[in-house]
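Undergrad: Next one to model:
(2 chains)
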Amino acid sequence: KNQVEQSPQSLIILEGKNCTLQCNYTVSPFSNLRWYKQDTGRGPVSLTIMTFSENTKSNGRYTATLDADTKQSSLHITASQLSDSASYICVVSEMTGNNRKLIWGLGTSLAVNP
Amino acid sequence: DTEVTQTPKHLVMGMTNKKSLKCEQHMGHRAMYWYKQKAKKPPELMFVYSYEKLSINESVPSRFSPECPNSSLLNLHLHALQPEDSALYLCASSQEVEQYFGPGTRLTVT
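TA: Numbering: from 1, shown residues only, chains lettered A, B, ... in the order given. Predicted coordinates for the structure are as follows:
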């Protein structure tokens, strides 16, 4: 069964600290992996999209890594800010014929405290 | 303009009401989506429109009726909803891989 698992479920850090969120997936055939940030009650916002051949991709203070062999991805947040408090969701796109189906993780809830 | 807009932001409706959610994008995207999201859960795909034609219906109950009047607009017509339909309804659009989400409509069914 195609699945996306994220850890930790929730995380509390102090402002200015770094953190790393993990994503393991069993989705096959794999098309791409995305990380979204979702504020409570708002729509998800894309942080990065990575294809099979990409190992790392950065977007400001966010850096995502992908190991397609072990089917693992991580999202590293540097110098956290209070506005980073949100849910971070890992989403893997399954390629089936001409259709791409998104398999969503349950997200990591991050709280950045002053 | 990389924005997907949704109206209304909040909606409270009774089980006998008929209401509509609206979504608009002006990015020229060919695909538009409706998702339903319950608290602390990931979004669940409901419908996909491709080139203004319904291409995917994820076995959604008929009390939800999508409509795509043109390439920029997507509606979701609601009728005889149940309290368990209360959720955040998200619209998204895409041209290739990237999906752009709107801010959502918070729906409460009483």
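Undergrad: Now do residue 53, the pLDDT please.
TA: Picking chain A for this. Looking at residue A:53, its pLDDT reads 89.
Undergrad: switch to chain B, that's the one I care about
TA: Reading off the model, residue B:53 has pLDDT 94.
Undergrad: One more: residue A:96?
TA: So, for residue A:96, pLDDT stands at 66.
Undergrad: cool, residue A:47 as well?
TA: pLDDT recorded at residue A:47 is 95.
Undergrad: Report the secondary structure element holding it.
TA: Here residue A:47, judged by DSSP states H and E, is contained in strand A:45-51.
Undergrad: Dig out what the residue nearest the centre of chain B forms beta bridges with.
TA: Note on chain B: the residue nearest the mean C-alpha position is residue B:34, at 3.4 Å, using Cα atoms, centre = their mean. Counting by DSSP bridges, residue B:34 is bridged to residue B:47, residue B:91.
Undergrad: What is the burial count for the closest residue to residue A:48 other than its chain neighbours?
TA: Nearest residue to residue A:48, sequence neighbours excluded (Cβ to Cβ, 6 or more residues apart in numbering or on different chains): residue A:64, at 4.2 Å. For every residue, glycine as well, the C-beta is placed using N, CA and C. By other Cβ atoms under 10 Å in any protein chain shown, the residues close to residue A:64 number 24.
Undergrad: just residue B:60 next, same as before
TA: 17.
Undergrad: And the strand holding residue A:47, what does it pack against?
TA: Packing partners of strand A:45-51 (3 or more Cβ pairs under 8 Å, 6 or more residues apart in numbering or on different chains; DSSP states H and E): strand A:30-38, strand A:56-59, strand A:62-67, strand A:72-77, strand B:99-101.
Undergrad: and it, C-alpha only, in PDB?
TA: In PDB, the C-alpha atoms belonging to strand A:45-51 read as follows (Å, rounded to 0.1, in the frame of the first residue of the first chain):
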ATOM      1  CA  VAL A  45       1.800  26.600   0.400                       C
ATOM      2  CA  SER A  46       4.400  24.700  -1.500                       C
ATOM      3  CA  LEU A  47       8.000  24.900  -0.200                       C
ATOM      4  CA  THR A  48       9.800  22.500  -2.500                       C
ATOM      5  CA  ILE A  49       9.200  19.900  -5.200                       C
ATOM      6  CA  MET A  50      11.800  17.300  -5.900                       C
ATOM      7  CA  THR A  51      12.100  14.700  -8.600                       C
END
